[in-house]
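*Asks:* Task: produce atomic coordinates for the following.
(one chain, ligands or ions: 2)
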Amino acid sequence: MQAIPHLSLPSDSTAAQTEFAYQLFDALFRVGVAYVPVLPLMQDAVLFNSLRDFFALSDLQKRSLAQQLSSPWQGVFLPLGQEQLSDENEDYKEVLDLNLENGTYAQWLQRWGTHSYTDSSSLEEIPPHSEELARLTAQLYKIFHAFQEQANRVLAALEIVYQQPPNSLVKQHGQNSTLRLLHYPPAPHFTLGSVRLGAHQDYSGITLLWQDSTGGLEVLTPNYEWVAVDIPPGCIGVLAGEVMQRWSGDTIHAAPHRVRITDAQQLQKTRYSIAFFCETNHDCVVYPGSLISEPSLADTPIVIQEFLDRKYDQIQNQTASNVSSDKAVN
Ligand SMILES: O=C(O)CCC(=O)C(=O)O
Ligand SMILES: [Fe+2]
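*Replies:* Ligands and ions are numbered 1, 2, ... in the order given. Sure, this is the predicted structure:
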């Protein structure tokens, strides 16, 4: 089975940055994921406590907190069963998304998702912003910034590998990021092999993943082998999205990934994780292969806003058909 490369953070010297860049590229090319130490702000305990505190709230409080996140952010809470990433089983997870309000996802939600996701009925029952909620939201903003900073370092490394002008990839990202907190409750009704999160590729840019020690995340390597991703303490996993793979002329592997019950003890365990989706900016147009050669006029470019809108539509349709087939069965 293929080992997942475990990198060290480079010093500021050009030689160290270049070495880091090529190690990262090698991991994304051969496996589709690298382990990278987190920046100091993102210690495991800080991340874990924020997840635990948020998901301990009632569903109404979670929705209320999501709605109270303030500009430039927009929050959405998706309760259990609200979203399904593949057409296998229903995902068994609940989610808080902290989006940039001008980003594609927030705008898509405002256009289409208001009924299903941001229903504000009965929110009056919730007491106004308590100290606990204020503390938690301040923490989430900090985590968001720390992940964005780490994502920028990954993009800067890719600029070195693909000999792009300094700051070019960084500038084409950063306005369309989403911080996603995930909670997978214990699932005694599942069996070994059950899917907690359906197999999928992320969409664009890069994704940073943090997880607790429960386990169950797997990636599909370019050799079509599912490999366990057990991110070491103090590290995050770096993955690439589908657009990044196409931009790089398939030299980067946007690894499909999923979360399954891979050992019986996980049935009793709560699983917490964080995904930071550093999507390519809303207004970018990406020519496939253009990181390795000049784009030809014959190539059809990927218009990020349209590409992402289609992805969000697909997920909503998948989830809706799942919900209606459940209703048909019951
Ligand atoms: O929960 C995880 O570890 C993975 C989450 C993920 O892949 C996603 O939300 O896209
Ligand atoms: Fe993912």
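
*Asks:* hang on, residue 181 in a strand?
*Replies:* Yes: under DSSP: H, G, I helix; E, B strand; the rest coil, residue 181 falls within a strand.

*Asks:* hmm, stretch 39-48 touching ligand 1?
*Replies:* No: if you take C-beta under 6 Å from any ligand atom as the test, stretch 39-48 misses ligand 1, and the best it gets is 12.6 Å. (Glycine included, C-beta is placed from N, CA and C.)

*Asks:* how distant is that stretch from the center of its chain?
*Replies:* Offset of stretch 39-48 from its chain centre (C-alpha atoms, centre = their mean, to the nearest Å): 17 Å.

*Asks:* Kindly report the same for stretch 49-60.
*Replies:* For stretch 49-60, the distance to the chain centre is 19 Å (C-alpha atoms, centre = their mean).

*Asks:* what do you get for stretch 221-231?
*Replies:* Counting by C-alpha atoms, centre = their mean, stretch 221-231 comes out at 17 Å from the chain centroid.

*Asks:* same thing with stretch 25-35?
*Replies:* Distance, stretch centre to chain centre, for stretch 25-35: 17 Å (C-alpha atoms, centre = their mean).

*Asks:* do stretch 192-205 as well
*Replies:* 11 Å.

*Asks:* list the buried ones in that stretch?
*Replies:* By neighbour count with 16 or more other C-beta atoms under 10 Å, stretch 192-205 contains the buried residues 194, 195, 196, 197, 198, 199, 200, 201, 202, 203, 204, 205.

*Asks:* With respect to residue 14, which of these is nearest?
*Replies:* residue 205 (24.7 Å; C-beta to C-beta).

*Asks:* what sits against the closest one?
*Replies:* The contact partners of residue 205, taken as C-beta atoms under 8 Å, 6 or more residues apart in numbering, are 151, 155, 173, 176, 240, 241, 243, 244, 277, 278, 279, 280.

*Asks:* How about the second one: what's its closest non-neighbour residue?
*Replies:* Spatial nearest neighbour of residue 155, chain neighbours left out: residue 169 (4.3 Å); criterion: C-beta to C-beta, 6 or more residues apart in numbering.

*Asks:* Does anything pack onto the host helix or strand of that neighbour? Which helices or strands?
*Replies:* Assigned by DSSP states H and E, residue 169 falls within helix 168-171. Secondary-structure packing of helix 168-171 (3 or more C-beta pairs under 8 Å, 6 or more residues apart in numbering; DSSP states H and E): helix 131-161.

*Asks:* for the helix it packs on, packing partners?
*Replies:* helix 14-30, helix 44-55, helix 59-68, helix 168-171, strand 173-184, strand 206-211, strand 271-280.

*Asks:* quick one: it to strand 271-280, angle?
*Replies:* Helix 131-161 and strand 271-280 are oriented at 50 degrees to each other (axes from the mean of the first three to the mean of the last three C-alpha atoms, to 10 degrees).

*Asks:* Quick check: buried residues in helix 131-161?
*Replies:* Buried residues in helix 131-161 (16+ other C-beta under 10 Å): 133, 136-137, 139-140, 143-144, 146-148, 150-161.

*Asks:* got the buried residues for the helix holding residue 169?
*Replies:* For helix 168-171, by 16+ other C-beta under 10 Å, it's 169, 170.

*Asks:* try stretch 176-186
*Replies:* 176, 177, 178, 179, 180, 181, 182, 183, 184.

*Asks:* show me what contacts the residue nearest the centre of the chain?
*Replies:* Among the residues of the chain, residue 275 comes closest to the average C-alpha position under C-alpha atoms, centre = their mean, at 3.4 Å. Contacts for residue 275 (C-beta under 8 Å, 6+ apart) come out as 179, 180, 182, 202, 207, 208, 209.

*Asks:* If the third one is in a bridge, with which residues?
*Replies:* According to DSSP bridges, the partner residues bridging residue 182 are residue 95, residue 273.

*Asks:* which residues touch stretch 22-39?
*Replies:* With C-beta under 8 Å, 6+ apart, stretch 22-39 has contacts from 2, 4-9, 44, 146, 149-150, 154, 157-158, 160-161, 210, 219-222, 227, 229, 231-232, 234-240, 251-255, 257.

*Asks:* Now the buried members of those.
*Replies:* When the contacts of stretch 22-39 are checked for burial by 16+ other C-beta under 10 Å, the buried set is 4-5, 7, 146, 150, 154, 157-158, 160-161, 210, 219-221, 227, 229, 231, 235-240, 252-255, 257.

*Asks:* Wasn't residue 198 part of a helix?
*Replies:* No: assessed by three-state DSSP, residue 198 does not belong to a helix; its assignment is strand.

*Asks:* hang on, isn't it packed against residue 85?
*Replies:* Yes: using C-beta atoms under 8 Å, residue 198 is in contact with residue 85, at 4.4 Å.

*Asks:* between the two, what contacts are shared?
*Replies:* residue 91.
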